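Asker: Here is a sequence together with a model predicted from it:
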There are 2 protein chains.
Amino acid sequence: MSADRFDLALWSAAHLRAVEEALCAWVHADAPAGLGAAMRYAVLDGGKRLRPLLVAAASEAVGGNAQAALRAACATELIHAYSLVHDDMPCMDNDILRRGKPTVHVAFGEAQALLAGDALQALAFELLTPDDVSVPASIQAKLCRLLAVAAGQRGMAGGQAIDLASVGQQLTQDQLRHMHCLKTGALLQGSVMMGAACGAANPQTLAALNDFGAALGLAFQVVDDILDVTSDAVTLGKTAGKDAANDKPTYVSLMGLEGAQTHAKDLLVDALSALDRSGLQTTATQALRALAYMVVSRNN
Amino acid sequence: MSADRFDLALWSAAHLRAVEEALCAWVHADAPAGLGAAMRYAVLDGGKRLRPLLVAAASEAVGGNAQAALRAACATELIHAYSLVHDDMPCMDNDILRRGKPTVHVAFGEAQALLAGDALQALAFELLTPDDVSVPASIQAKLCRLLAVAAGQRGMAGGQAIDLASVGQQLTQDQLRHMHCLKTGALLQGSVMMGAACGAANPQTLAALNDFGAALGLAFQVVDDILDVTSDAVTLGKTAGKDAANDKPTYVSLMGLEGAQTHAKDLLVDALSALDRSGLQTTATQALRALAYMVVSRNN
């Protein structure tokens, strides 16, 4: 498989540099009354940037508009960052540690955290709609649509509502899958599809990339559940063992540790098979393949 | 002035019916785990719908695409509704009464209120980007850009950050104006400009409509400050006397009641003068004119 010969670290480094520079430039410190500082604290914190990398990889696979892909990459990260800020608040998960640092509401207060999250969501859509000719309006509109659906009630926000309602509940595997497809999967899958929207892919390719994104999105959450029990806070950069402590249903509580590990590998196979039927050349999809491996083998 | 012969109530009734029907259809009850119910509670509550009416009036003034205008009208209302939900939360204004009903976090809990606000913001951008030919992509992109800027750190969210930081502070009139131009003015002005973006207005017209929106937006807030001291909770549908109780700077605390009333009238004159230099026919702008009168003479 080509992923063996593809240097993901090298490929990622170039893309991460561009994304970090763009985020640094686009998330202004000068937003009023400390809001900019809170927004930057939430975003410029050394996250894995998986979503931006998925956008970049999918855009490259279809020969997408590079400027559109960079904006889309940053927009997905802003949505991800805002969701973490709000998710950590006392009325939600009440977490004080995120990526090894105090969470935004601990550092800036709850009201500023709420506003910073809100402003980051708006900024995501602002980044997608530059008032110049760098990104065709047809791509701008598609990117906004994909991001709005991935972030909203049929995506991330809806998944979080199910998550809230599921504490202490016994979920079936189908219910757990549904929750995670929305809560975490939708934005990961949306990132892949936003990358694809930067180019001109045919329906067969789009359908395959959509399946790839769905499998990868779910695999990410299964691995998250595994790491919550096998890892420690230092490696994870956030509170470990939290799911069990909060009596949250997880793939590990449902399938056992080994069952969850097998399930993650099955989902990796699904993701790679989807790429095989995309009609794209293997060299075009090597970054996507390598990212899928990375998602399943990561340790934080 | 033509506003005397224009029947705003009749004009509004037709537009409000369309907006209410569209909001009812587009804010689905079936969002998961009670999220849809919280979203609908926040939106379908008999608000004044001033922002949708401004979109409709501005779109009519420039002969805009009616389907785009209806979507834009609903999107502005979703942003407004989400901002009220978050603004009422305990970590912000901690208000329990809104339009005569328990606020969303009182009725549904804080976590659900947070998520409902987040999902409403995403839904606003989803409404602006239908996946069909009803609204040209160029208009979709412009509408998203205008709404994102109006809602974000250079608009509403930024204004709220200043507001938070201003409690107990002595502000100059310039500082107060700046705060309100962002906090309340940006979305009202944005509504006017979104309406204008549904058609093809020349730069002179756009600049005049922008000035109209700025004056109207500020007038709205000055009147809000006046009503906070002259009205009661039943008429207002929310807690009265709140600003003074929270030691918030207002136009009344800065200029006195009479001074604020004079300022509101001056802003009305500014708004109407802007329309006079728009290059639009008087009949085309009569709804905008009547809305400006209404904003300054309203009692709730």
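Answerer: All right, it came through fine. Residues are numbered from 1 along each chain as shown, chains lettered A, B, ... in the order given.
Asker: which SS state does the closest residue to residue A:181 other than its chain neighbours fall under?
Answerer: Leaving out its chain neighbours, the residue that sits closest to residue A:181 by CB to CB, 6 or more residues apart in numbering or on different chains is residue A:218, at 6.3 Å. Any C-beta I mention is one placed from the backbone N, CA and C, and that applies to glycine too. Three-state call for residue A:218 (DSSP: H, G, I helix; E, B strand; the rest coil): helix.
Asker: CA-only coordinates of stretch A:104-116, as CSV, when you get a sec.
Answerer: Taking Å, rounded to 0.1, in the frame of the first residue of the first chain, the C-alpha atoms of stretch A:104-116 are listed here in CSV:
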residue,chain,number,x,y,z
VAL,A,104,-10.7,28.9,28.3
HIS,A,105,-13.4,29.5,30.9
VAL,A,106,-10.8,28.9,33.7
ALA,A,107,-8.4,31.3,32.1
PHE,A,108,-10.8,34.0,30.9
GLY,A,109,-14.1,33.5,32.8
GLU,A,110,-17.3,31.8,31.7
ALA,A,111,-18.8,34.8,29.9
GLN,A,112,-15.8,35.4,27.8
ALA,A,113,-15.5,31.7,27.0
LEU,A,114,-19.1,31.7,25.8
LEU,A,115,-18.5,34.8,23.6
ALA,A,116,-15.2,33.5,22.3
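Asker: Looks like the residue nearest to residue A:181 contacts residue A:186 (just checking).
Answerer: No: look at residue A:218 against residue A:186 with CB atoms under 8 Å: they stay out of range, at 10.6 Å.
Asker: All the helices of the stretch 151-300 of chain A, residue numbers only.
Answerer: Assignment of helices within the stretch 151-300 of chain A using DSSP state H, counting those that start in this stretch yields the ranges A:156-166, A:173-180, A:186-197, A:203-230, A:233-236, A:242-245, A:251-276, A:286-297.
Asker: what packs against the second one?
Answerer: On a contact count with 3 or more CB pairs under 8 Å, 6 or more residues apart in numbering or on different chains; DSSP states H and E, helix A:173-180 meets helix A:156-166, helix A:203-230, helix A:251-276.
Asker: Name the nearest residue to residue A:139, ignoring sequence neighbours.
Answerer: residue A:68 (5.0 Å).
Asker: Work out for me the element the one you found sits within.
Answerer: Assigned by DSSP states H and E, residue A:68 falls within helix A:66-87.
Asker: Rounded mean pLDDT for that helix, please.
Answerer: Average pLDDT, helix A:66-87: 98.
Asker: for that helix, packing partners?
Answerer: If contacts are counted by 3+ CB pairs under 8 Å, 6+ apart, helix A:66-87 sits against helix A:8-26, helix A:35-43, helix A:50-61, helix A:110-127, helix A:137-151, helix A:156-166, helix A:186-197, helix B:110-127.
Asker: one step back: tell me if I'm right that the residue nearest to residue A:139 and residue A:144 touch.
Answerer: No: the criterion here is CB under 8 Å, and residue A:68 misses it with residue A:144 at 11.6 Å.
Asker: Between those two, point out the one with more neighbours.
Answerer: Neighbour tally, residue A:68 and residue A:144, criterion other CB atoms under 10 Å in any protein chain shown: the higher count belongs to residue A:144, 29 against 25.
Asker: Quick check: the more buried one touching residue B:140?
Answerer: Yes: with contact defined as CB under 8 Å, residue A:144 counts as touching residue B:140 (7.1 Å).
Asker: Now the common contact residues for those two.
Answerer: The contact sets of residue A:144 and residue B:140 overlap at B:128, B:129 (CB atoms under 8 Å, 6 or more residues apart in numbering or on different chains).
Asker: ok, the residue nearest to residue A:119 when sequence neighbours are not counted - contacts?
Answerer: Leaving out its chain neighbours, the residue that sits closest to residue A:119 by CB to CB, 6+ apart is residue B:157, at 3.8 Å. For residue B:157, the contact set (CB under 8 Å, 6+ apart) comprises A:35, A:115, A:118, A:119, A:122, B:151.
Asker: Check those residues and tell me the two furthest apart.
Answerer: Taking CB to CB as the measure, those span a maximum distance of 13.0 Å, between A:35 and B:151.
Asker: how close does the closest residue to residue A:108 other than its chain neighbours sit to residue A:118?
Answerer: Nearest residue to residue A:108 in three dimensions, chain neighbours excluded: residue A:38, at 4.4 Å (CB to CB, 6+ apart). Per CB to CB, to the nearest Å, residue A:38 is found 11 Å from residue A:118.
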